[in-house]
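what's the 3D shape of this:
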Amino acid sequence: MGTRIIVGVDGSGPSSAALRWAAKRARATDARLVLEHVVDDEWGQIGPDYTRELEAAGEDILAQALGELEAMGVVGHPQLELGNLTTTLSAAAGPGDLLVMGSHKTGYVRGRVLGTRSVAVASLARSSVVVVPEDNLAQRTGIVVGVSPALECHAAIIAGASEAYRLRQELSLIHCGPDRADASDTGRHLLADAVDLALTTAPGMVVRRRLSHRSPADELLDASRSSALLVLGATRGGSDRLGSIGSVTHEVLLNLTSPVMVAR
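Okay, here's the model as predicted:
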């Protein structure tokens, strides 16, 4: 089947931003672009007449999205499904695919309540997920990767290095830890290993590293404010109860300052 990019479309502003991001990437990577619209059946509680009405509206949304793609010179493949929006969208992409969705910027929110669908989808998906804010993404440069001790972070480093190499942009690796001598030594070793992995993935590119003692979410959100992409691993700490993403990724997704990839 080859590489696929699946983008969730619902006719909203964030959906249009996600569609443009996915179309640009599909054109650059020669990936098959699938437009996924889910008619949310509210767990089977809506009647057949209303279902048909929602399906007709969904077909109109897909037709409009295809028109946007045609204007960009990109071919899209529409797909209409009926089911719970979160579980259906997260299941649409398999390992090796890329799932893209839009999200409203929600302001600065603390806590671990699943407040947006993007958080839930990123938690459930088997593929890497990119969440795109409804924002002006022009003139953004650089790829930022959050570095942690978790093995899943390797996927984020490789994905970030690959994207930086493809876009011919600078890669920034950031690790946040306590302001203690032992923690700082550990952080410097983690960053050195991350640089080695990034340069093995994409030799010859510019890689910068930074050790911070701030809150990881605060540091990563500030660092990616003007970047093209922030990449995080799908990691979970032992005390987190957020599916397959950790508290840092959860907080970042609630407070987007750039497109964010949750890499698997």
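
quick one: the closest residue to L167 other than its chain neighbours and Q139, what's the gap?
Of all residues not flanking L167 in the chain, A228 sits nearest, at 6.6 Å (C-beta to C-beta, 6 or more residues apart in numbering). Heads up, the C-betas are built off the backbone N, CA and C, glycines and all. Distance of A228 to Q139, computed by C-beta to C-beta, to the nearest Å: 10 Å.

neighbour-wise, which of these two wins?
Neighbours of A228 and Q139, each counted by other C-beta atoms under 10 Å, are more numerous for A228; the result is 20 against 7.

residue at max distance from the center of the chain?
D49 (35.3 Å; C-alpha atoms, centre = their mean).

which helix or which strand is home to it?
Following DSSP states H and E, the helix or strand that holds D49 is helix 48-72.

any idea how far that helix is from the chain center?
Distance of helix 48-72 from the chain centroid (C-alpha atoms, centre = their mean, to the nearest Å) equals 24 Å.

what are the contacting residues of it?
Helix 48-72 is contacted by residues 9-11, 15-16, 19-20, 23-24, 27, 33, 35, 37, 39-41, 46, 75-76, 78, 80, 82 when judged by C-beta atoms under 8 Å, 6 or more residues apart in numbering.

ok, of the residues you listed, which come out buried?
Applying 16 or more other C-beta atoms under 10 Å to these, the neighbour count classes 9-10, 15-16, 19-20, 23, 33, 35, 37, 39-41, 76, 78 as buried.

now go through the residues you listed and say which are in helices.
Among those, DSSP state H puts S15, S16, L19, R20, A23 in helices.

need the contact list for the last one.
What that stands for is A23. L33, E68, L69, M72, V74, G76.

point out the least confident member of the buried ones among the contacts of helix 48-72, please.
Within the set of these, pLDDT is lowest for D41 (75).

roughly how far does the closest residue to that one other than its chain neighbours sit from T51?
In space, and not counting its chain neighbours, D41 is closest to L82: 5.4 Å by C-beta to C-beta, 6+ apart. The gap separating L82 from T51 is 7 Å, by C-beta to C-beta.

identify the contacts common to those two.
What both L82 and T51 touch, as defined by C-beta under 8 Å, 6+ apart, is the set V39, D41.

can you list the ones in helices among the buried ones among the contacts of helix 48-72 in JSON lines and add distance to A93?
Shown next, in JSON lines, are those (distance: C-beta to C-beta, whole Å):
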{"residue": "S15", "distance to A93": "16"}
{"residue": "S16", "distance to A93": "20"}
{"residue": "L19", "distance to A93": "15"}
{"residue": "R20", "distance to A93": "19"}
{"residue": "A23", "distance to A93": "16"}
